[in-house]
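**Q** Structure of the sequence below:
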Amino acid sequence: MSDSAGYDAAYARWRDDPDAWWLQAAHGIDWITAPTRAFDAGLGVYGRWFPDGVLNTCHNAIDRHVAAGRGDQVAYLWDSPMTGRKASVTYAALLGRVERLAGAMASRGVGKGDRVVIYMPMVPEAAIGMLACARLGAVHSVVFGGFAAPELAARIADAKPALVLSASCGLEPGRTIAYKPLLDAAIAQSPHKPTTCIILQRDTLPADLTPGRDFDWLTTEAAATPHPCVPVAATDPLYILYTSGTTGAPKGILRDNGGHAVALHNSMAMLYGLKAGDVMWTASDVGWVVGHSYIVYAPLFAGMTSVIYEGKPVGTPDAGAFWRVCAEHKVSALFTAPTAIRAIKKEDPEGALIARYDLSALGALFLAGERCDPPTALWIEALLGKPVIDHWWQTETGWAITGNFRGLGLFPMRAGSGGKAAPGYEVAALDEAGHPVAPGEIGTLAIRLPMPPAALPTLYNADARFRSAYLERFPGWYDTSDAGMVDEQGYVWVMSRTDDIINVAGHRLSTGAIEEVLASHPDVAECAVIGVHDALKGQAPMGLVILKAGVARDEAEIARELVALVRARIGPVAAFKDARVVARLPKTRSGKILRGTMRKIADGEAYAVPPTIDDPAILAELEQLLKT
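**A** Presented below is the predicted three-dimensional model:
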């Protein structure tokens, strides 16, 4: 029976004494010097967490579990339909590899505070490299494998790494991406030149190594002397994760060691309802924040097994791939993006492939990355017969802002909502003047300062940019740049980015609300709504829809039905008259639909190809479609 009593009590305890709440949570990790203070408002831009604590993140992920006798437990399960290979790495074996790689990097001059760029595919060595950096107190900056050379060069120029960890290639369905030429070109373009690169040679496409600069990963690791954990302050940086900024220059999201370990460890039981020995599969990439938090770090903080998957939700080999992995590895919780579920729904609309697999071990499905439309959430919930939890968070926060909380007793799901605020966050919808709006009204979603542990304390070497991007618009609040509402029961509804709120003849409309209507049509697998220029109304909504596999109806008829559906459910105020069927939508590699880029194409504006785009060819297809 779902109820909110456990959540309500926990949230009240946090509200009553945030410092006591977080100091208690800090008991879940190992400290070299335990913190006596939770928060110091006088440090940094808006304060820092656990300022007198000393720890090591790698110790908390590996060493302490081996010392406690869990060395034979699997830490990482690698499942690669791209290569047809699977492998497991126990905690003891992981410790051996990480401490040797740390020794290899230390012998090449990498020390506490130095930066290391990691440019890797989805292989265990990606996580091993991150943990080795944490062991040394070095700061890793993971760049999504296969990023174009200019984007990689920009990150090398900003981070100024002492060393680069990379691989010879990455694998995508139907293609092999040679990483080494991209890395060479990036170093050539960057004003900063790292002197050492350690390269993992993959059998599919080995690379030519540059003498004197490049070293074979496995040979180098095997020859190294193991290195112990280096103590670091809780406020010392653990990693930089770059996102594409609105200025075109990458924004380096900074994460510290202490707050990160405490908040992520706490989230495993509170939010995901998981414990030591459970298997968590986060179907993301280590290049994204979700991969950092819930592939590499948090499951290991909690003594769990984490799945590293090199494949896709469909096409490797079919739309049953996710259910095969869950069944085979007895996954306790699956965390993925809504776009993955929509891709599965498109290919297998009846869910026939789900029935082939034993999913009895699976306790819940978690969704994040962008809002999950209610029809998709209800579709997958009915097929799985498991809780489906849409939770909202950002690269900047490092863990969920809102959700449903398996460890506190699940409250009733409301499809389309990201749940309620996690203990640690006070969320409000604000008007342009920074005042909270009435329950159920749309505003800019904001978080009252201070941000909780694990949230970014600032941007890398850019305090002023951090203030202007997040803090100045609403003094005392962090601006999420997401638009949405908070209802009377405290459920938070994230409807779109603030840039995606469209103004139709003076009426502010959320593209997410219109998308929700379009997605409810029985023939629609996925959709996106953008606001395009209209000489009379200022903006008008345009809907782009992907049909489910096997739908052979007249597209013009479906478009007419979609227009009528929006008129019936939202009303004439939406002025929705343009629905078009497309074969695919432009997305980032993490699954976010590039609505802003689509809007520029529709309005005939100049646009830059986003570096995170999964397939740039889609933009040319879209240009051709929107000309008609």
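
**Q** Show me what the longest helix belonging to the chain is packed up against.
**A** Scanning the chain for the helix with the most residues, using DSSP state H, yields helix 91-107. Helix 91-107 is packed against helix 64-67, strand 74-80, helix 124-136, helix 217-223, with contacts defined by 3 or more C-beta pairs under 8 Å, 6 or more residues apart in numbering; DSSP states H and E. C-betas here are computed from N, CA, C, even on glycine.

**Q** try 10 Å
**A** Packing partners of helix 91-107 (3 or more C-beta pairs under 10 Å, 6 or more residues apart in numbering; DSSP states H and E): helix 57-58, helix 64-67, strand 74-80, strand 85-90, helix 124-136, strand 163-167, strand 196-200, helix 217-223.

**Q** First-to-last residue distance for stretch 573-589?
**A** Counting by C-alpha to C-alpha, to the nearest Å, you get 35 Å between the two ends of stretch 573-589.

**Q** Just the buried positions in that stretch, please.
**A** Under the neighbour-count criterion of 16 or more other C-beta atoms under 10 Å, stretch 573-589 has 574-576, 578-579, 581-582, 584-589 buried.

**Q** can you tell me the average pLDDT over that stretch?
**A** Averaging pLDDT along stretch 573-589 gives 86.

**Q** Residues touching stretch 468-478, excluding its own?
**A** Residues outside stretch 468-478 that contact it (C-beta atoms under 10 Å, 6 or more residues apart in numbering) are 45-46, 245-247, 251, 394, 396-397, 401, 425-428, 430-436, 444-451, 455-456, 458-459, 462, 464, 466, 479-481.

**Q** Now with 7 Å, please.
**A** Stretch 468-478 has contacts (C-beta atoms under 7 Å, 6 or more residues apart in numbering) with 430, 434, 446-449, 451, 479.

**Q** got JSON lines for those residues, with neighbour count too?
**A** Shown next, in JSON lines, are these (neighbours: other C-beta atoms under 10 Å):
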{"residue": "Leu430", "neighbour count": "17"}
{"residue": "Gly434", "neighbour count": "16"}
{"residue": "Ala446", "neighbour count": "23"}
{"residue": "Ile447", "neighbour count": "24"}
{"residue": "Arg448", "neighbour count": "13"}
{"residue": "Leu449", "neighbour count": "18"}
{"residue": "Met451", "neighbour count": "22"}
{"residue": "Asp479", "neighbour count": "18"}
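
**Q** So which of these belong to strands?
**A** Mapping these onto strands (DSSP state E) picks out 430, 446-448, 479.

**Q** Identify the residues contacting Trp217.
**A** Trp217 touches 125, 198-200, counting by C-beta under 7 Å, 6+ apart.

**Q** Give me the nearest residue to it, chain neighbours excluded.
**A** Leu200 (4.1 Å; C-beta to C-beta, 6 or more residues apart in numbering).

**Q** What of Ala606?
**A** Nearest to Ala606 is Lys600, by C-beta to C-beta, 6+ apart, at 7.3 Å.

**Q** Just the buried residues of the helix or strand harbouring the one you found, please?
**A** For Lys600, the host element (DSSP states H and E) is helix 595-602. Buried residues in helix 595-602, counting neighbours by 16+ other C-beta under 10 Å, are found at 595, 597-602.

**Q** Serialize the residues you listed to JSON lines and add fields for pLDDT.
**A** Shown next, in JSON lines, are these (pLDDT from 0 to 100):
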{"residue": "Arg595", "pLDDT": "84"}
{"residue": "Thr597", "pLDDT": "86"}
{"residue": "Met598", "pLDDT": "87"}
{"residue": "Arg599", "pLDDT": "86"}
{"residue": "Lys600", "pLDDT": "86"}
{"residue": "Ile601", "pLDDT": "86"}
{"residue": "Ala602", "pLDDT": "85"}
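
**Q** ok, so of the residues you listed, who is nearest Ala269?
**A** Nearest to Ala269 out of those is Arg595 (C-beta to C-beta; 35.5 Å).

**Q** my read: Ala525 touches Val545, true?
**A** No - Ala525 is beyond contact range of Val545, at 8.1 Å (criterion: C-beta atoms under 7 Å).

**Q** show me what contacts Ile601?
**A** By C-beta under 7 Å, 6+ apart, the neighbours of Ile601 are 607, 619, 622-623, 626.

**Q** filter those to the buried ones?
**A** Applying 16+ other C-beta under 10 Å to these flags 607, 619, 622, 626 as buried.

**Q** who's in contact with the second one?
**A** Contacts for Leu619 were tallied using C-beta under 7 Å, 6+ apart; they are 586, 597, 601, 609.

**Q** In these, find the pair that's most separated.
**A** So, those by C-beta to C-beta: farthest apart are Ile601 and Val609, at 11.0 Å.

**Q** coming back round to it: which one among the buried ones among the contacts of Ile601 gets closest to Ala68?
**A** Looking across the buried ones among the contacts of Ile601 and measuring by C-beta to C-beta, the closest to Ala68 is Leu619, at 51.3 Å.

**Q** I'd assumed that closest one was in a strand, is it?
**A** No - Leu619 is assigned helix when assessed by DSSP: H, G, I helix; E, B strand; the rest coil, not a strand.

**Q** do you know how far it is from Ile613?
**A** According to C-beta to C-beta, to the nearest Å, Leu619 and Ile613 sit 8 Å apart.

**Q** what sits in contact with each of these two?
**A** When contacts are counted by C-beta under 7 Å, 6+ apart, Leu619 and Ile613 have Pro586 as shared neighbours.

**Q** follow-up on the earlier one: which of the buried ones among the contacts of Ile601 lies closest to Val388?
**A** Leu622 (30.4 Å).

**Q** what's the next secondary structure element after the helix or strand of the chain with the lowest mean pLDDT?
**A** Ranking every helix and strand in the chain by mean pLDDT, DSSP states H and E puts strand 507-510 at the bottom, with a mean of 64. Note on strand 507-510: by DSSP H and E, the next helix or strand toward the C-terminus is helix 511-519.

**Q** The helix or strand just after that next one to helix 511-519, inter-axis angle?
**A** Using DSSP H and E, the next helix or strand after helix 511-519 towards the C-terminus is strand 524-534. Angle between the axes of strand 524-534 and helix 511-519 is 140 degrees (criterion: axes from the mean of the first three to the mean of the last three C-alpha atoms, to 10 degrees).

**Q** now for the helix or strand just after strand 524-534, which elements pack on it?
**A** Using DSSP H and E, the helix or strand that follows strand 524-534 in sequence is strand 538-547. Using 3 or more C-beta pairs under 7 Å, 6 or more residues apart in numbering; DSSP states H and E as the contact criterion, the elements in contact with strand 538-547 are strand 501-504, helix 511-519, strand 524-534, strand 578-581.

**Q** Least confident of these, on average?
**A** Across the helices and strands packed on strand 538-547, the stretch with the lowest average pLDDT is strand 501-504; it has a mean of 68.

**Q** Present the buried ones among the contacts of Ile601 as TSV; the columns should include pLDDT, distance to Ala106 and secondary structure.
**A** Formatted as TSV, the buried ones among the contacts of Ile601 follow (pLDDT from 0 to 100; distance: C-beta to C-beta, whole Å; DSSP: H, G, I helix; E, B strand; the rest coil):
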residue	pLDDT	distance to Ala106	secondary structure
Tyr607	84	44	coil
Leu619	87	44	helix
Leu622	85	49	helix
Leu626	77	54	helix
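
**Q** Among those residues, find me the one that's closest to Ala564.
**A** Leu626 (22.6 Å).

**Q** how near is the closest residue to the closest one other than its chain neighbours to Thr397?
**A** In this structure, Leu626 finds its nearest non-sequential neighbour in Ala602, 5.1 Å apart by C-beta to C-beta, 6+ apart. Counting by C-beta to C-beta, the gap from Ala602 to Thr397 is 31 Å.

**Q** Check Gly476 too.
**A** Look at Gly476 and Thr397: by C-beta to C-beta, they are 17 Å apart.

**Q** between those two, which one's more packed in?
**A** For the pair Gly476 and Thr397, the greater number of neighbours falls to Thr397 (24 against 10), based on other C-beta atoms under 10 Å.
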